[in-house]
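A.B. asks: kindly generate the corresponding structure for this input.
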Amino acid sequence: MTHGQADRGAGAVGAMTGHQNTINGPITFDGVGVHSGKPVSMTLYPADPGTGIIFNRTDLGEPVDIPADVTGVFATDLCTVIGDAAGHHVKTIEHLMAALLAMRVDNVLIEVNDAEIPVMDGSSETFVDAISQIGLLPQAQRRRCLRVLKEVRVEIGPCWATLSPHDGVRYEVEIDFEEEAIGRQSYVLDLMPETFARDISRARTFGFMKDVERYWAAGFALGSSLENSVVIGEDNEIVNPEGLRYENEFVRHKLLDAVGDLALAGAPIIGCFQSYRGGHKVNAMALAALLADPAAYEWTDAPVAERARPAASGAAGLAAAAYSADKS
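C.D. replies: Residues are numbered from 1 along each chain as shown. Below you'll find the model as predicted:
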């Protein structure tokens, strides 16, 4: 569950300006780690301009800061894990990172009392709703964007991903599963707060009943349940009694993961990300390949919207006022 003081008006205007934003007050989430199965509490705090996204482990004696940066990625098995040189880490950050990027939160300190953040319902919806309710606090410093100047491509067997020039922030994701319940699906998203909140944020993580024992033996999915995952049964049926939230929820969740993984650039990426049979590993590889080639990108200030509009309440209001700019 979440709690925090709502002040919806401040956030909407700040998201329009091309300047950085932080959240308008603290937000706490209590849940379990989907892989650890342990109870975990996490609180997001406002942060100064230029701070970026910082995870702070509070359970290690002395608090340890772990910046959300692609250079800190050291594991991508079934989730994205970032850490520091001393081996301190935090895992399953992708759903929260996707919400922060999509809702234009540039600076925030995230205190968490375990090595894994709470999975909530397996999507980004809870995070998006909480950010919308608390609102954004506009800051004086301009927002940076990472503009793709030439295509980069990475491959792992049949899986591949590219980042290429595009006048906008676009994701084109395709998946291809043998299982009939999923099959081949594709989805294209021009990322804006409203499109993410409406079309992507509710898509949940998913898995197969046949893989459960293997995952458990490897220390994964110990907290997975029908409350936080879409489960495909042995007979290729959706086990969750409520069914799917979207007809193509599986590919939408893969796209959600890609948004969260590419958020480790530390800024919105002006360009087109494409992937086929992708996942956390190939997402991280694509971003690392882009940043490894100085000729492939440039840093630029975010565009400034023409004119502010009146703020509305809730996710739709915050999103409408913003400027437009599963697993492997």
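A.B. asks: average model confidence for stretch 68-75?
C.D. replies: Averaging pLDDT along stretch 68-75 yields 94.
A.B. asks: quick check: buried residues in it?
C.D. replies: Buried residues in stretch 68-75, defined by neighbour count with 16 or more other Cβ atoms under 10 Å: 68, 70, 72-73. The way it works is simple: take the backbone N, C-alpha and C, and place the C-beta from them, glycine included.
A.B. asks: doesn't V105 make contact with T51?
C.D. replies: No - using Cβ atoms under 8 Å, T51 makes no contact with V105, being 11.0 Å away.
A.B. asks: which one's more surrounded, the two?
C.D. replies: Using other Cβ atoms under 10 Å as the criterion, T51 and V105 rank with V105 on top: 25 against 17.
A.B. asks: am I right that that one is in a helix?
C.D. replies: No - counting by DSSP: H, G, I helix; E, B strand; the rest coil, V105 falls outside a helix, being coil.
A.B. asks: returning to that earlier point: overlap of the contact sets of T51 and V105?
C.D. replies: Jointly contacting T51 and V105 under the rule Cβ atoms under 8 Å, 6 or more residues apart in numbering are T22.
A.B. asks: about what we covered before: which one of the buried residues of stretch 68-75 sits closest to Y171?
C.D. replies: Proximity of those to Y171 (Cβ to Cβ) peaks at V70, which lies at 16.7 Å.
A.B. asks: quick check: the closest one vs N236, distance?
C.D. replies: Distance check for V70 against N236: by Cβ to Cβ, to the nearest Å, it reads 36 Å.
A.B. asks: same thing with A263?
C.D. replies: Distance from A263 to N236, by Cβ to Cβ: 33 Å.
A.B. asks: got it, and N21?
C.D. replies: Distance from N21 to N236, by Cβ to Cβ: 44 Å.
A.B. asks: more neighbours: the two, which one.
C.D. replies: Higher neighbour count among N21 and N236: N21, with 28 against 11, using other Cβ under 10 Å.
A.B. asks: what score does that one have for pLDDT?
C.D. replies: Taking N21 on its own, its pLDDT is 97.
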